[in-house]
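>>> no sequence on this one, just coordinates:
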């Protein structure tokens, strides 16, 4: 059974850093792209970063230069290093898996349960 489990969320002040992790199991991880989405209260879920099976990366403009995504195929994990955090980064963060980074959100078949990130000013 495919499973994604996020960890590393928490509460930080503006300018702080957090490192999120996504641990995968139950599917051929090395063949999948892993994306990070986030959803703030009252807003739609948005894709903020993705790393392909070949380790090509994508970042939304809102996080480019502040967030870094990486993967470890030996450990079936993807990490998201988040620096220079802002209050507008406050959201529930989800990791999700699909063969391709550019798939639509509805095409991502495997999802984690989410982890809360709160940035205070």
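Arrived safely, thanks for sending. Only a predicted model underlies this, so the values are computations on that prediction, with no experimental measurement involved.

>>> Just grab the bridge partners of the most centrally placed residue in the chain for me.
Centroid-nearest residue in the chain, with Cα atoms, centre = their mean: residue 36, separated by 2.3 Å. Beta bridges link residue 36 to residue 49, residue 95 when assigned by DSSP bridges.

>>> didn't it look like it was pressed against residue 48?
Yes - using Cβ atoms under 8 Å, residue 36 makes contact with residue 48 at a distance of 5.4 Å. Yep, even glycine has a C-beta here, placed from its N, CA and C like the rest.

>>> so what's the residue nearest to the centre of the chain scoring on pLDDT?
If you check residue 36, the pLDDT there is 98.

>>> How about residue 73?
According to the prediction, residue 73 has pLDDT 97.

>>> OK, contacts around it?
29-30 (Cβ atoms under 8 Å, 6 or more residues apart in numbering).

>>> How much space separates the residue nearest to the centre of the chain from residue 72?
Here residue 36 is placed at a distance of 15 Å from residue 72 (Cβ to Cβ, to the nearest Å).

>>> re the thing from before, residues contacting the residue nearest to the centre of the chain?
20, 22, 47-50, 69, 78, 80, 93-96.
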